[in-house]
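S.K.: Have a look; sequence and predicted model below, questions after that.
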Amino acid sequence: MDSVCLLLLALVSAGTLPRVKASDSVTALYGETIVVPCNGGVAALDDLMFIKWKYEKDDGTPGDLLIKQARNEQATVQATDSYAQRVSIDDKLSLLISQASLKDQKTFTCMVVSDANLLEYPVSVVVHKKPSSVEIMDKSEVLQKDQLTAVGTCVAADAHPAARISWQKNGKPLVTDGKAVLITPSLKLDPATGLSTTSSTLQYAATKDDFGAIFSCVSTHELTNQEAALEPFSIHYPSEKVSLQVLSKGPIVEGDNVTLKCNADGNPPPSSFFFLFQGKKELVENSDSFSLAAVSREDAGEYRCSLADNEKMGASQSISVSFLDLTLSPSGRVVKTVGDKLTVKMEKNTSGDAKVLWTKNRKTVKEPEFSKLTYGDAGLYVCEVSMTGLTRRQSFHLVVEGKPVITSLTKHRAGDAKHKVLTCEAEGVPEPVFQWSINNTNEESSYSNGKAIHKITVVPKLNLTVTCSVSNKLGDDVMTINVSSVFREENEGRESVEDSQATLIVGIVAGLLIAAAVVGLIYWLYMKNSRQGSWKTGEKEVGTSEESKKLEENNHTV
């Protein structure tokens with residue numbers, strides 16, 4: 001090295017000064033290896049003697065890093081400070097500094113010494129570092145309506161140069177206005193590393209329309225842009241409107257269970273309410289509903305609910321309860337005698353218009369009026385009164401009784417002409433019992449609406465007087481009928497047939513005799529007329545036109 005120094009002194013003494021090239025700059029990444037080119041990376045001179053890298057210390061004094069002679073392949077590290085373990089040189093004579101930090105932001109000079117010149121190439125090093133992280137701290141869970149509420153603090157940590165932070169809502173920039181938006185930035189420098197941490201706190205006065213809005217912060221840096229977003233916020237605001245809802249599937253009728261629900265538009269919804277009705281006040285906590293069980297007409301009226309912490313904020317609702325009362329006289333089982341009078345009275349009490357329907361044995365009828373009862377009036381009568389959502393029914397079962405009365409007693413011959421069928425008809429309730437004064441077979445009976453029919457088959461061998469008797473618990477009745485013998489009627493029938501046949505034969509014979517006599521008379525007249533109107537000559541017999549016509553008529557008749 002002494003020879004080198006002597007040579008440099010000689011060059012200086014000879015007036016040969018080194019030429020200095022204008023300073024270049026290099027941007028390096030924090031923690032990476034810094035590559036500082038010598039002479040912009042241009043190859044060294046052919047007469048190169050050696051290359052030396054040096055730098056300017058913080059106190060302004062020069063410091064040597066390493067030297068590489070042309071004849072030696074290995075460079076000699078001259079640094080005695082922290083650079084001693086971090087510097088090296090590559091085949092392009094560039095200075096390599098590992099584990100770059102902000103303290104490496106210096107000017108490094110490459111000194112090139114040749115046989116004829118001494119040249120220096122200074123290079124300024126700038127070290128950049130992107131934020132190690134970008135995140136939102138101190139996040140709020142909810143926002144308050146119309147109140148500045150801290151949304152969160154966005155932090156871009158350990159960067160160089162310092163990152164810039166901006167806020168967005170639904171992708172659109174937010175700008176501080178001091179009313180609805182307030183952004184407070186801050187910057188913190190780490191004295192050990194020289195890195196900067198940028199923070200920005202957002203305060204925001206929300207509205208109901210901000211429900212579901214997405215807030216995000218954006219970190220802008222020379223090396224990268226990063227974004228951090230928040231989940232949508234719940235917007236809290238006090239109730240501004242209260243409503244009372246009556247939960248019922250249809251019109252409220254007596255006996256229904258009714259639920260009242262108090263709705264408030266605050267967020268979170270209020271959990272406690274007062275319910276007021278008929279001078280009573282009920283506090284309901286952790287619920288917005290109040291139930292009424294089996295309401296009656298006395299429960300009708302106005303109901304009110306209000307917030308437990310603000311009774312002025314409330315709402316009212318009127319409740320109507322439909323009711324229907326029905327009484328019917330008579331009712332149940334009613335037993336009357338045929339011919340009696342029966343008065344039916346129906347009374348109803350309703351909260352509105354009602355429809356009345358009468359049925360008898362499930363068939364629609366008019367409202368019953370009985371001035372004189374008949375057996376046909378008996379039956380089950382139902383009165384149904386209905387209105388929307390409500391129906392009432394009352395009924396009575398009318399039984400019309402009377403002693404039996406025979407209305408008809410008839411006879412007719414059966415189809416085989418060997419039997420006779422007797423029919424006895426009667427009216428009466430309870431059902432009458434039939435008794436006959438003659439033995440019989442093939443009994444047939446029917447009973448409907450107080451009318452009874454009883455048929456028997458008999459074979460009378462003599463003329464008889466037959467009696468039909470009917471009876472029930474109220475009385476009895478009797479009727480008789482004359483019945484002739486079946487055998488006598490058959491004999492009379494045969495004689496009548498024989499007489500009829502004889503009369504028919506005599507009539508036919510007499511008719512034939514009369515017809516023969518008429519034909520003979522006509523023939524005699526014809527022959528007589530023919531002899532009187534003819535002449536025995538050789539000429540043709542010519543009669544008058546009248547005679548010819550009469551002759552033709554006679555011939556036609558015969």
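M.R.: On my side now, so go ahead.
S.K.: Which residue ranges of the stretch 1-150 of the chain form strands?
M.R.: Taking DSSP state E, counting those that start in this stretch as the test, the strands found in the stretch 1-150 of the chain are 19-20, 24-29, 34-36, 48-56, 62-69, 76-77, 87-89, 95-97, 107-114, 118-128, 133-137, 142-144, 149-159.
S.K.: Export those as TSV, with columns for mean neighbour count and mean pLDDT.
M.R.: Heads up, the C-betas are built off the backbone N, CA and C, glycines and all. TSV is the format used below for the strands of the stretch 1-150 of the chain (neighbours: other C-beta atoms under 10 Å; pLDDT from 0 to 100):
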stretch	mean neighbour count	mean pLDDT
strand 19-20	12	46
strand 24-29	14	92
strand 34-36	23	95
strand 48-56	20	91
strand 62-69	18	92
strand 76-77	16	92
strand 87-89	20	93
strand 95-97	22	95
strand 107-114	21	92
strand 118-128	19	93
strand 133-137	17	93
strand 142-144	17	91
strand 149-159	22	95
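S.K.: Just send those back as JSON lines, with distance to L230 too.
M.R.: Shown next, in JSON lines, are the strands of the stretch 1-150 of the chain (distance: least, C-beta to C-beta, whole Å):
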{"stretch": "strand 19-20", "distance to L230": "55"}
{"stretch": "strand 24-29", "distance to L230": "30"}
{"stretch": "strand 34-36", "distance to L230": "38"}
{"stretch": "strand 48-56", "distance to L230": "47"}
{"stretch": "strand 62-69", "distance to L230": "49"}
{"stretch": "strand 76-77", "distance to L230": "52"}
{"stretch": "strand 87-89", "distance to L230": "46"}
{"stretch": "strand 95-97", "distance to L230": "41"}
{"stretch": "strand 107-114", "distance to L230": "45"}
{"stretch": "strand 118-128", "distance to L230": "29"}
{"stretch": "strand 133-137", "distance to L230": "6"}
{"stretch": "strand 142-144", "distance to L230": "11"}
{"stretch": "strand 149-159", "distance to L230": "6"}
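S.K.: Thought S196 was touching L187, still the case?
M.R.: Yes: between L187 and S196 there is a contact under C-beta atoms under 8 Å: 5.9 Å.
S.K.: Of the two, which one has the most company?
M.R.: Taking neighbours as other C-beta atoms under 10 Å, L187 and S196 compare with S196 leading, 20 against 11.
S.K.: Can you give me the distance of the more buried one to V429?
M.R.: To V429, S196 is 115 Å away according to C-beta to C-beta, to the nearest Å.
S.K.: same question, L102
M.R.: To V429, L102 is 123 Å away according to C-beta to C-beta.
S.K.: Among those two, which residue is more densely surrounded?
M.R.: Just comparing L102 and V429: by other C-beta under 10 Å the higher neighbour count belongs to V429, 25 against 16.
S.K.: Go ahead and confirm that one touches E401.
M.R.: Yes: using C-beta under 8 Å, V429 makes contact with E401 at a distance of 4.5 Å.
S.K.: list the residues that contact both of those two?
M.R.: Common neighbours of V429 and E401, counting by C-beta atoms under 8 Å, 6 or more residues apart in numbering, are V338.
S.K.: Of all the strands of the stretch 1-150 of the chain, which one is nearest D416?
M.R.: Closest approach to D416 among the strands of the stretch 1-150 of the chain (C-beta to C-beta): strand 142-144, 106.7 Å.
S.K.: Would you list the strands that that closest one pairs with, along with their directions?
M.R.: strand 234-236 (parallel) (DSSP bridges).
S.K.: On the C-terminal side of the strand it pairs with, identify the next helix or strand.
M.R.: strand 242-247 (DSSP states H and E).
S.K.: what's downstream of that next one, the next helix or strand?
M.R.: Counting by DSSP H and E, what follows strand 242-247 is strand 258-264.
S.K.: now what about that following strand, what contacts it?
M.R.: In contact with strand 258-264 (C-beta under 8 Å, 6+ apart) are residues 239, 241-248, 252, 270, 273, 275, 288-292, 295, 303, 305-307, 313, 315, 317, 319.
S.K.: go again using 7 Å as the cut-off
M.R.: 239, 242-248, 252, 270, 273, 275, 288-292, 295, 303, 305, 307 (C-beta atoms under 7 Å, 6 or more residues apart in numbering).
S.K.: Filter these down to the buried ones, ChimeraX style.
M.R.: The following ChimeraX line selects those of the contacts of strand 258-264 that are buried, judged by 16 or more other C-beta atoms under 10 Å:
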select :239,242,244,248,252,270,273,275,288,290,292,295,303,305,307
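S.K.: So for A417, which of the strands of the stretch 1-150 of the chain sits nearest?
M.R.: By C-beta to C-beta (comparing all of the strands of the stretch 1-150 of the chain), the closest turns out to be strand 142-144, at 110.4 Å.
S.K.: Geometrically speaking, which residue is the centre of this structure?
M.R.: K249 (15.1 Å; C-alpha atoms, centre = their mean).
S.K.: State the pLDDT value of that one.
M.R.: pLDDT, K249: 79.
S.K.: For this structure, which segments are assigned as helices?
M.R.: In the chain, the segments counted as helices under DSSP state H are 2-13, 486-532, 545-557.
S.K.: now the longest strand out of those in the chain: how far from the chain's centre is it?
M.R.: If you go by DSSP state E, the chain has its longest strand at strand 390-413. Taking C-alpha atoms, centre = their mean, to the nearest Å, the mean C-alpha location of strand 390-413 is offset from the chain mean by 54 Å.
S.K.: Show me what it is packed against.
M.R.: Identification of packing neighbours for strand 390-413 by 3 or more C-beta pairs under 7 Å, 6 or more residues apart in numbering; DSSP states H and E yields strand 324-329, strand 332-337, strand 379-387, strand 420-429, strand 464-472, strand 475-483.
S.K.: Could you say which of these is packed most deeply?
M.R.: strand 420-429 (a mean of 22; mean count of other C-beta atoms under 10 Å).
S.K.: Bridged to the residue lying closest to S395 once chain neighbours are set aside, which residues?
M.R.: Here the nearest residue to S395 in space, its sequence neighbours aside, is V382; by C-beta to C-beta, 6 or more residues apart in numbering that works out to 4.3 Å. Here V382 sits in beta bridges with T359, S395, as judged by DSSP bridges.
S.K.: pretty sure V382 contacts N361?
M.R.: No: with contacts counted by C-beta atoms under 7 Å, V382 stays clear of N361, the gap being 9.2 Å.
S.K.: list the buried ones in stretch 342-358?
M.R.: Quick answer for stretch 342-358 (16+ other C-beta under 10 Å): 342, 344, 348, 350-351, 354, 358.
S.K.: separation between S132 and S196?
M.R.: 11 Å.
S.K.: And for F274?
M.R.: The separation that F274 has from S196, given C-beta to C-beta, amounts to 57 Å.
S.K.: what's the answer for N472, then?
M.R.: For N472 relative to S196 (C-beta to C-beta), the value is 121 Å.
S.K.: Pull up the distance across stretch 322-336, start to finish.
M.R.: 37 Å (C-alpha to C-alpha, to the nearest Å).
S.K.: Please work out the average pLDDT along that stretch.
M.R.: Stretch 322-336 comes out at a mean pLDDT of 94.
S.K.: Compute the number of surrounding residues for the residue nearest to E141 when sequence neighbours are not counted.
M.R.: Excluding the flanking residues, the one nearest E141 by C-beta to C-beta, 6+ apart is S234, at 7.2 Å. Residues lying near S234 (other C-beta under 10 Å) number 14.
S.K.: What residue spans form the domains of this structure?
M.R.: 2-128, 133-236, 242-319, 324-397, 401-487 (automatic domain parsing).
S.K.: between those domains, which one is nearest to L512?
M.R.: domain 401-487 (35.9 Å).
S.K.: now that closest one, how far from the centre of its chain.
M.R.: On C-alpha atoms, centre = their mean, the centre of domain 401-487 falls 70 Å from that of its chain.
S.K.: How about stretch 187-202?
M.R.: 58 Å.
S.K.: got it, and stretch 116-127?
M.R.: On C-alpha atoms, centre = their mean, the centre of stretch 116-127 falls 83 Å from that of its chain.
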